[in-house]
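*Asks:* Return atomic coordinates for the entry below.
(chains A, B, C and D)
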2 protein chains.
Amino acid sequence: MTTRPRRADARRNVEAILDAATATLARDPDASINDIAKAAGVGRVTLYGHFENRAVLVAAVVERAMRESEASLRGIDLSGDPAAALVRLIDATWQVTLRYGALVVAAEKSMPVAEMAAAHSEPRERAQRLIDHGRDLGRFRTDLPVSWLVTTMHTVTHAAATSVYAGELPADEAAHAIAATMLGLLTPPGQTVPDVGVLRLVR
Amino acid sequence: MTTRPRRADARRNVEAILDAATATLARDPDASINDIAKAAGVGRVTLYGHFENRAVLVAAVVERAMRESEASLRGIDLSGDPAAALVRLIDATWQVTLRYGALVVAAEKSMPVAEMAAAHSEPRERAQRLIDHGRDLGRFRTDLPVSWLVTTMHTVTHAAATSVYAGELPADEAAHAIAATMLGLLTPPGQTVPDVGVLRLVR
DNA sequence: CATAAGTCGAACATGCGTGTACGACAAGAG
DNA sequence: CTCTTGTCGTACACGCATGTTCGACTTATG
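*Replies:* Numbering: from 1, shown residues only, chains lettered A, B, ... in the order given. Model prediction:
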């Protein structure tokens, strides 16, 4: 891993391992190295040839996942109508969450707390900026801490992923459900919840 | 465990183990038997003297937790004003969740799926009844599946517990936050979110 | 096609959590 | 006070996941 593999199949295997690890860990954060190697169609020894540790492997997976996530989330326009912006953010976030699922849980067990906090801060700040924006316009509620609202948004998204995995919620309805849910809860007391016109943006 | 302990200190130890296991597993579902025994101020061997297995121990803990939970949840009046009833239900549910936290996760790993589903069905049905009631009165939204709303309620409550454990949310504000959150997201689009008058019931 | 680079299975070492066995010792019930 | 019932420490057996080592075998690359 310190020096790149010279041969083509080696590089292909590294990719396969990364992919398999992502998929496997997203389903079961406690998956064994053996499971991952098997899922990658590769011997366990080969895996160790490319990644010294479980920790190193997880770190690599997380790093790649974060790069891709950031790439698709960074470009989102958070300005303009807060409700519409929220739908945009949720839509993109949902795709990422569905792909990487419970990978976060696996990461939490082998990554130092500091790094973990740093990894979380980016998306949290994004959501927080959006909510602040909506508050400034009087469109989002101010009677609850922003951090709590952000937490709720994260949690609800995660719950949707779990529900989809469990077959309780159709995957193509998930983003809509999350958006409708969040839009409802972000609307201030004494104010009318935005109607379906906005929600239709999702699908 | 099959036959009750005859001696007083034995019975006391069983209680201590049950208490320690509840507290320890609520924090870390993967806690070892050793940790639990230590937390109970008891030798590991003693623990095995009372509970054959980890599974048996977990089952006992869960069973006791469910008995207590059911006792405090069964009596709740779900009729009348849906918003007020929701606040009542959340208030009681919150106490239970705070005490038993992530114990569910520990249970999921050693209990058969069927039993687990059965254990979940009771509280889910309760919430579902309440939401249905609110829908009938046109006070709760009908544009999302009931099961999703119930899941969300469960998830949000759980997130609150995690936040409190992490010190991000004061314990005495949690129930209020959950109630405000759920009331907000349950209100139908095109309708005014109930104001603070109801929420004040919580605190 | 020759060789360096990579793969693979089997075997081994290690650490950890679980569960059991033993024997000395303490504590409660009658 | 005596004897049954528990407790506790130590030690052991076992299974399981993690890493490592070895040697034979395969594959890309120049």
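*Asks:* Show me how chain A divides into domains.
*Replies:* The record's domain parsing of chain A by automatic domain parsing lists A:1-52, A:63-199.
*Asks:* for the record, mean pLDDT for the shortest one?
*Replies:* Pointing back at domain A:1-52 there. Across domain A:1-52, pLDDT averages out at 92.
*Asks:* sorry, back to before: out of the domains of chain A, deepest packed?
*Replies:* domain A:63-199 (a mean of 18; mean count of other CB atoms under 10 Å in any protein chain shown). Just so you know, the C-beta spots here come from the backbone N, C-alpha and C atoms, and that holds for glycine as well.
*Asks:* State the distance from the closest residue to A:Glu168 other than its chain neighbours to DNA strand D.
*Replies:* Nearest residue to A:Glu168, sequence neighbours excluded (CB to CB, 6 or more residues apart in numbering or on different chains): B:Ser147, at 6.2 Å. Here B:Ser147 is placed at a distance of 33 Å from DNA strand D (CB to the nearest atom of the strand, to the nearest Å).
*Asks:* so B:Ser147 sits in a helix?
*Replies:* Yes - with DSSP: H, G, I helix; E, B strand; the rest coil as the criterion, B:Ser147 is located in a helix.
*Asks:* doesn't A:Pro170 make contact with it?
*Replies:* No - judged on CB atoms under 8 Å, B:Ser147 makes no contact with A:Pro170 at a distance of 11.9 Å.
*Asks:* so A:Glu15 is in which element?
*Replies:* helix A:8-27 (DSSP states H and E).
*Asks:* So is that helix next to chain B?
*Replies:* No - counting by CB under 8 Å from any CB of the partner chain, no contacts exist between helix A:8-27 and chain B, the nearest distance being 14.4 Å.
*Asks:* who touches that helix?
*Replies:* A:4-5, A:31, A:35-37, A:39-42, A:46-47, A:50-51, A:57-58, A:60-61, A:64-65, A:99-103, A:106, A:165 (CB atoms under 8 Å, 6 or more residues apart in numbering or on different chains).
*Asks:* Check stretch A:45-60 too.
*Replies:* Against stretch A:45-60 from outside (CB under 8 Å, 6+ apart): A:1, A:5, A:10, A:13-14, A:17-18, A:21, A:25, A:33, A:36-37, A:40, A:106-107, A:110-111.
*Asks:* which of those residues come close to DNA strand C?
*Replies:* A:Pro5, A:Ala10, A:Asn13 (CB under 7 Å from any atom of the strand).
*Asks:* Distance from stretch A:176-188 to the middle of the chain?
*Replies:* 18 Å (CA atoms, centre = their mean, to the nearest Å).
*Asks:* Next to DNA strand D in this structure, residues from chain A, please.
*Replies:* A:6-9, A:32-34, A:44-45, A:48, A:52-55.
*Asks:* Let's test this: mean pLDDT of stretch A:63-81, rounded?
*Replies:* 94.
*Asks:* That stretch vs chain B: in contact?
*Replies:* No - Stretch A:63-81 does not reach chain B (CB under 8 Å from any CB); its nearest approach is 15.7 Å.
*Asks:* Restricting to C-alpha, output that stretch in CSV.
*Replies:* The C-alpha coordinates for stretch A:63-81 follow below in CSV (Å, rounded to 0.1, in the frame of the first residue of the first chain):
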residue,chain,number,x,y,z
GLU,A,63,-11.3,8.1,2.8
ARG,A,64,-12.6,7.1,-0.6
ALA,A,65,-16.2,7.3,0.5
MET,A,66,-15.6,10.8,1.9
ARG,A,67,-13.9,12.0,-1.2
GLU,A,68,-16.9,10.8,-3.4
SER,A,69,-19.5,12.1,-0.9
GLU,A,70,-17.9,15.5,-0.7
ALA,A,71,-17.7,15.7,-4.5
SER,A,72,-21.4,15.2,-4.9
LEU,A,73,-22.4,17.3,-1.9
ARG,A,74,-20.1,20.3,-2.3
GLY,A,75,-21.7,21.6,-5.4
ILE,A,76,-25.2,22.0,-3.9
ASP,A,77,-26.7,25.4,-3.9
LEU,A,78,-27.9,26.2,-0.4
SER,A,79,-29.2,29.7,-1.2
GLY,A,80,-32.5,30.7,-2.6
ASP,A,81,-35.8,29.3,-1.3
